[in-house]
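Colleague: Mind looking at a prediction? Sequence and model below.
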Amino acid sequence: MAPMLTDMSSDRLDTLIKHPFHRENGERLIRFIKDLRECRSAEDFATFQRELLHATLAANLARAERSRVIKRLRKKQSLPADAPDLVVGDPHDLDAWRLESDVLERVGRQLRSIGDALAWRVFRYDRRYILTLRRNESPGPMTLSKEGTVHEIQFAEQQWSEHRRFALLHDLTGCLRIGDVSVFQEGDNGEQDILLYELKTNPRRRESAQLTRTRLAAEALHMGGPLPGQDKAVLVETGVPYATHLSVLSDALARAHQSGLKTMRAPGQRGVLALDIAVAGNRWGGQEATRQFHAAYAALLRRMRLTGQTIPFSSGDSAARNTMAPPWGIYPLQPAQCAGLIADVLVFTVTLSSDNFIEELRKQGLDAEWVLPRGADMEHAQPVVIIQGHGRRVTMARAGIEQLMLELTDLQAWAHGMDQLLRKGVAGWQPWPYFTDECKVWV
């Protein structure tokens, strides 16, 4: 597994970010985001997907080639005769190959983030589909060495050539993990019909677990049934329009592009710090830019005078990692800003206090308690907040907090949604809320 950016030394991180593969992909991300925003028809989406597929397969193949070299060098063997050209470094240096492999892992994940943006777009920004179809293990990198991948690509092309229907390849994304392909067509009533396919290269072969997940996903989306998985979860419509304050983020990123970094306040007593790494590095140099970042963040916290526990969330190194989160490519920002967030040359941090968080819920008449121990890390499944009302109780973990922080969700609308969630929830079931009019928020 490739290391997180936070686990790298500053020198290695700088080398990785400046690697030609990484810089070239940064430009490619901008083009992809611009092209996706121009897609209108099934033909547009089919053309876009072919280009994304070509880039993804090339990146995954390049990484696989380097992995083969790394295995030989680890065994003290010579370079294979057909080894790819090493772009940076000594071809006999194992660490140089590892660096290039890490760069290509990031490139592949960044392209999956574009695949996630494509998925959100064709599902018309309906979070229900993401919440449902994400509930499985990742299939791993997409590669033509897998017989199933070839079959899925052929199926998608057949859907277009024979029926003029766009078929979304799930393996191009990080967020769609149930089913292999979603086919989109216009229904008689003007609504969009979506057909979910689990494809088999051998029609006689049946994998009951995969078929069961696909059936449960369809029933959850169309009949209100339980979500796939073992945790007794169900989708719950809050009926509350979704609202955010992402205009603050847009402003902060634009100003950071001018001065290197910018701190701002967002509604709901949240602090935002945006950093443009290239501009900050040119202005101050690497070490001084880091010092300026920490000094600006400390000053922001002092101005806000937060009480209770401080809750920070950062955008850093998150592209295609969180299967629930809207991808940066659909954020209402300029394409270069979206690409910068994907590639981690732009980063932002949002901070709130536990007291402000609880207060918003109590304004709705709900009983809320912050149960994360002071000083504890916010782990994936660890209970963070317990909310009670209308004779029901729900527990929030990291994912729910992260959503309203990085999306700069309007806290009043969100708390109202939690009130409706408790009114409509089913005892004994974990509710996954979704809001209305979410398409109005995204690009």
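Modeller: Noted; the coordinates are in hand.
Colleague: what does stretch 387-395 rub up against?
Modeller: For stretch 387-395, contacts defined as C-beta atoms under 8 Å, 6 or more residues apart in numbering pick out 361, 364-368, 383-386, 396, 418-419, 421-423, 425, 427, 430-431. In short, each C-beta sits where N, CA and C put it, glycine included.
Colleague: after the helix or strand of the chain with the lowest mean pLDDT, next one along is what?
Modeller: None of the helices or strands of the chain scores lower by mean pLDDT, DSSP states H and E than helix 10-17, at a mean of 87. Remark: after helix 10-17, the chain's next helix or strand is helix 20-38, criterion DSSP states H and E.
Colleague: Tell me what angle that following helix forms with helix 10-17.
Modeller: Taking axes from the mean of the first three to the mean of the last three C-alpha atoms, to 10 degrees, one finds that helix 20-38 is oriented at 50 degrees with respect to helix 10-17.
Colleague: Give the buried residues for helix 20-38.
Modeller: 21-22, 25-26, 28-30, 32-33, 35-36 (16 or more other C-beta atoms under 10 Å).
Colleague: Could you do stretch 413-428 as well?
Modeller: Quick answer for stretch 413-428 (16+ other C-beta under 10 Å): 413-422, 425.
Colleague: Now render the residues you listed as a markdown table, adding distance to His294.
Modeller: Formatted as a markdown table, these follow (distance: C-beta to C-beta, whole Å):
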| residue | distance to His294 |
| --- | --- |
| Ala413 | 33 |
| Trp414 | 30 |
| Ala415 | 32 |
| His416 | 36 |
| Gly417 | 35 |
| Met418 | 34 |
| Asp419 | 38 |
| Gln420 | 40 |
| Leu421 | 38 |
| Leu422 | 40 |
| Gly425 | 42 |
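Colleague: Low-confidence stretches in the stretch 1-150 of the chain?
Modeller: Residues of the stretch 1-150 of the chain meeting the criterion pLDDT under 70: 1.
Colleague: Now do the helices in it.
Modeller: For the stretch 1-150 of the chain, applying DSSP state H, counting those that start in this stretch gives helices covering 10-17, 20-38, 42-74, 94-122, 127-133, 147-163.
Colleague: Single out the most deeply packed of the ones you listed.
Modeller: helix 94-122 (a mean of 23; mean count of other C-beta atoms under 10 Å).
Colleague: Does anything pack onto it? Which helices or strands?
Modeller: Applying 3 or more C-beta pairs under 8 Å, 6 or more residues apart in numbering; DSSP states H and E, we find helix 94-122 packed against helix 10-17, helix 20-38, helix 42-74, helix 127-133, strand 166-169, helix 335-343.
Colleague: In JSON lines: the ones you listed, plus distance to Arg265.
Modeller: Below are the helices and strands packed on helix 94-122 laid out as JSON lines (distance: least, C-beta to C-beta, whole Å):
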{"stretch": "helix 10-17", "distance to Arg265": "29"}
{"stretch": "helix 20-38", "distance to Arg265": "28"}
{"stretch": "helix 42-74", "distance to Arg265": "37"}
{"stretch": "helix 127-133", "distance to Arg265": "27"}
{"stretch": "strand 166-169", "distance to Arg265": "39"}
{"stretch": "helix 335-343", "distance to Arg265": "20"}
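Colleague: wait, which of these is closest to Phe435?
Modeller: Closest to Phe435 of the helices and strands packed on helix 94-122 is helix 127-133 (C-beta to C-beta; 7.7 Å).
Colleague: Now do the domain split for the chain, please.
Modeller: 5-230, 241-440 (automatic domain parsing).
Colleague: quick one: contacts for the closest residue to Glu137 other than its chain neighbours?
Modeller: Among residues not flanking Glu137 along the chain, Arg177 sits closest, at 6.7 Å (C-beta to C-beta, 6 or more residues apart in numbering). Going by C-beta under 8 Å, 6+ apart, Arg177 touches 133-139, 170, 323.
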